[in-house]
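Enquirer: Return a 3D structure for these sequence lines:
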Amino acid sequence: MYIAIVQFNPKVGALRENTERALAELNRLASETYPPDLVVFPAFALTGEPIELLQFYPPFAAECIEIYADFCNRAPLPTIIGTYYPQFDPYTARLTCLPEVIYAGDGDGEILHFSDIVYEENDPYDDSFMRHITINDTSVAIMFNESPDYDESFEDYDVVVVLEAAEFTGEEAMLMATSQTDEYKEIAKDNNVWYVIANLAGAADSIVYEGTSMIISPVGKIVAAAPAFTEQTICYNLSNAAMAKKILLKPQLQYEAYWNVIVCGIRDYHYKNGFSDCVIGLSGGIDSSLVCALAVEALGADHVHGVLMPSQNSSSDSIKDAKELASILGVKTITLPINTIYDAFMLLYEHALSDTDIANPTLTTNSSCNVATGKDKKADSDVDADFSGSKNRLSMKPEDNIALQNIQARIRMLHLMHLSNTFNWLLLNTGNRSEAAMGYSTLYGDTAGAIAPIGNLYKVDVYGVARWRNERGLVIPDAILNKPPSAELYPGQRDCDSLPDYDILDVILRLHLNDGMGADQILVSLRECEFFPEITPEIVLDTLSRVSAAEFKRSQEPMAIRIDDFSFAENRHWPTTNGFVDRDRKLKTDVEVFRFIEAVYKDCGPRNLGYFAN
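Expert: You can find the predicted model right below:
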């Protein structure tokens, strides 16, 4: 059998566009001297994925039926392709689109009815878990978006085809990762079958599909593979397993994978949503510099616009660094100082509020954390003591007034949004996961943007990706990498004035967010590793409190491209109004933590909490 895998990058919901592109590739293959006996597309190639609540939308269901008929009538070659197809749901009394596979060719076709499969717990393997077809005396087993288990038998088949929509959730979980390919090789060898994986490629909003479709011979050799994250068609003759030549599939390193995933996410969001170019605010800091470098890789320098917006608090080094970055990358820049607008804003408010009591309130502080920013309120408390509400707060210095700092960020975003609206440029947000977790940002200021390319990178990983890229050719000046991070909202400001050092902060955040640990578990883990003696219970508790307090802010931030198995949008559905506060229960060992968690899970109640109840 001569087989072709079309690693496909569909646009979600664009059924007719996806269908025409798929048919165009089929027609190209059919016109070759030796056309394939079977063409395999990935799962959801006709509809894209995820379709979210389009699944229940009747017009979408109607379109799925029309596209199915059209594709079957026009497919020139035997083809397996993933889609959605409506079924009547007796429980809701409405049509629901369910994942399906079409087998089409020579003007005919059928639905393979994967959505009819019922999984029985007591039956670990049943032929209904898959469908099968026969082509030229070759028996082909088809599985849909589910890899086979070791205990499944395919001895009655010659070829196993798996239609996948595998999302990138970390380099170790990629199809090309050694642990994954070893598993596929074992399945092929144990069952003496050709093992074929057809996977989606490209991005859909925050999700990136990794591609890396492959063919594995019955002796466990990878004989053909498509690249990661991009479209490609691969063809291979399955006639002689013994003569098949092995190819090397090199796994991607962590920061290499992050770079490629984010580049793919930027490129597809940009083109699939019809933007002409993109725009980025360049501060001379590491976050905006990395986003700019990623955007240039994704779109080309001619389609990336950098905007410098210096204030009276901007250092000359930051302006110089931003210009040097733009020069290295070949990006055109616009300089729009914000001083004039800031001064006019202050003058307007001083005049408008001079005869009212609004400008001279009696201030109170009920929390150590400012809910508007997630930052320490200590400075605000000091201001209250010094001024006692007798001075106009608008006359304070920015370092004494968070509101004045936020005005600067919001003026900058006014410039960026105006350029985005005027020229149809995609505004790229430059925030990272550490800042989002702590609320270290300004609502309607630096939280604006359509998508956050590095929004799921911790700050230490921002530096890691930047250094990885620089090892392959300088794109980010060393001065940017080596200077302390700062928003420069007042003279001499540093991120460490308001946050723990990122080396410490990101350790706590990983344990809390990625591993789901509370204060006790984090403290025990840190005690056992002995690498972070400077992390005290006070730092951990304050960090967790600030993460919780910033919940309302994160709900208004742009989607972030996923680079691991955690995202705030998908994995942290905590209430915005939330009075729960974690505390240190003084547990000393992992055994005590385990016993505590076990007691909670068993719902033993307070009478059995005993020694660890405060």
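Enquirer: and the residue nearest to Leu489 when sequence neighbours are not counted, what element?
Expert: Using CB to CB, 6 or more residues apart in numbering and skipping the chain neighbours, the partner closest in space to Leu489 is Gln405 (3.8 Å). Where you see a C-beta, it was placed from the backbone N, CA and C, and this is true even at glycine. Gln405 belongs to helix 402-423 when assigned by DSSP states H and E.
Enquirer: what's the offset of that helix from the middle of its chain?
Expert: 25 Å (CA atoms, centre = their mean, to the nearest Å).
Enquirer: List the neighbours of stretch 246-260 that are in contact with it.
Expert: Here stretch 246-260 makes contact (CB atoms under 8 Å, 6 or more residues apart in numbering) with 168, 170-171, 174, 176-178, 181, 212, 214, 221-225, 228-229, 294, 297, 457, 461, 464-465, 467-469, 563.
Enquirer: Please produce a PyMOL select command covering the buried subset of those.
Expert: Only the buried members of those enter the following PyMOL selection, criterion being 16 or more other CB atoms under 10 Å:
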select buried, resi 168+170+171+174+176+177+181+212+214+221+222+223+224+225+228+229+294+297+457+461+465+468+469+563
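Enquirer: Touching stretch 477-489 from outside, list them.
Expert: With CB under 8 Å, 6+ apart, stretch 477-489 has contacts from 283-286, 289, 311, 313-315, 317-318, 321, 324-325, 328, 398, 405, 408-409, 446, 459, 463, 466-467, 470, 493-496, 502.
Enquirer: buried ones in it?
Expert: Residues 477, 480, 483, 485-489 are the ones in stretch 477-489 that count as buried (16+ other CB under 10 Å).
Enquirer: Closest to Ala550 out of the residues you listed?
Expert: Using CB to CB, Ala487 is the member of the buried residues of stretch 477-489 that lies nearest Ala550, at 15.8 Å.
Enquirer: show me where the stretch 251-400 of the chain has strands.
Expert: Using DSSP state E, counting those that start in this stretch, the strands of the stretch 251-400 of the chain run over 277-281, 304-308, 332-335.
Enquirer: Next: the stretch 1-150 of the chain.
Expert: So, for the stretch 1-150 of the chain - with DSSP E, counting those that start in this stretch - the strands run 2-7, 38-40, 79-89, 94-105, 108-111, 131-135, 138-144.
Enquirer: looking at those strands, which is buried most?
Expert: Burial of the strands of the stretch 1-150 of the chain is given as mean neighbour count (mean count of other CB atoms under 10 Å); strand 38-40 ranks first at a mean of 26.
Enquirer: in this protein, which helix or strand is least confident?
Expert: When the helices and strands of the chain are compared on mean pLDDT, DSSP states H and E, helix 378-387 comes out lowest with a mean of 37.
Enquirer: ok so, going back, run a quick neighbour tally on the residue nearest to Leu489.
Expert: Neighbourhood size, Gln405 [other CB atoms under 10 Å]: 21.
Enquirer: Could you tell me which residues make contact with it?
Expert: Applying CB under 8 Å, 6+ apart, the residues contacting Gln405 are 398, 442, 487, 489-490.
Enquirer: Mind pulling up the pLDDT for it?
Expert: The model reports Gln405 with a pLDDT of 88.
Enquirer: list the contacts for Ile262?
Expert: By CB under 8 Å, 6+ apart, the contact list for Ile262 reads 294, 453-454, 561, 563.
Enquirer: Stretch 478-496: end-to-end distance?
Expert: 20 Å (CA to CA, to the nearest Å).
Enquirer: Where do the helices of the stretch 51-200 of the chain begin and end?
Expert: 58-74, 178-191 (DSSP state H, counting those that start in this stretch).
Enquirer: of all these, which lies closest to Glu534?
Expert: Closest among the helices of the stretch 51-200 of the chain, using CB to CB: helix 178-191, at 34.8 Å.
Enquirer: ok, and what's touching the closest one?
Expert: When contacts are defined by CB under 8 Å, 6+ apart, helix 178-191 is touched by residues 147-148, 150, 153-155, 157, 160, 172-175, 193-195, 197, 214, 216-222, 249, 251.
Enquirer: just to revisit the earlier point, can you flag which of the contacts of stretch 246-260 belong to strands?
Expert: Among the contacts of stretch 246-260, the residues falling in strands (DSSP state E) are 214, 222-225.
Enquirer: out of those, who's nearest Met517?
Expert: Checking these against Met517 with CB to CB, the nearest one is Met214 at 36.3 Å.
Enquirer: and that closest one, what is it in contact with?
Expert: With CB under 8 Å, 6+ apart, Met214 has these contacts: 175-176, 181, 184, 196-197, 222, 224-226, 249.
Enquirer: before we move on, the earlier item: a markdown table for the helices of the stretch 51-200 of the chain, including distance to Asp205 and mean pLDDT?
Expert: Output for those, formatted as a markdown table (distance: least, CB to CB, whole Å; pLDDT from 0 to 100):
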| stretch | distance to Asp205 | mean pLDDT |
| --- | --- | --- |
| helix 58-74 | 17 | 96 |
| helix 178-191 | 25 | 89 |
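Enquirer: In a markdown table: those helices, plus distance to Ala549.
Expert: Shown next, in a markdown table, are the helices of the stretch 51-200 of the chain (distance: least, CB to CB, whole Å):
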| stretch | distance to Ala549 |
| --- | --- |
| helix 58-74 | 39 |
| helix 178-191 | 39 |
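Enquirer: of all those, which lies closest to Asn432?
Expert: Closest to Asn432 of the helices of the stretch 51-200 of the chain, according to CB to CB: helix 178-191, at 28.3 Å.
Enquirer: CA atoms only: put that closest one into PDB for me.
Expert: Taking C-alpha atoms only, helix 178-191 is exported to PDB below (Å, rounded to 0.1, in the frame of the first residue of the first chain):
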ATOM      1  CA  THR A 178      11.500   9.500  23.200                       C
ATOM      2  CA  SER A 179       9.100   8.200  25.800                       C
ATOM      3  CA  GLN A 180       6.200   8.600  23.300                       C
ATOM      4  CA  THR A 181       8.000   7.100  20.200                       C
ATOM      5  CA  ASP A 182       9.200   4.200  22.300                       C
ATOM      6  CA  GLU A 183       5.600   3.300  23.200                       C
ATOM      7  CA  TYR A 184       4.500   3.500  19.500                       C
ATOM      8  CA  LYS A 185       7.400   1.400  18.400                       C
ATOM      9  CA  GLU A 186       6.500  -1.300  20.900                       C
ATOM     10  CA  ILE A 187       2.900  -1.400  19.700                       C
ATOM     11  CA  ALA A 188       4.100  -1.700  16.100                       C
ATOM     12  CA  LYS A 189       6.600  -4.500  16.900                       C
ATOM     13  CA  ASP A 190       4.300  -6.500  19.300                       C
ATOM     14  CA  ASN A 191       1.500  -6.500  16.700                       C
END
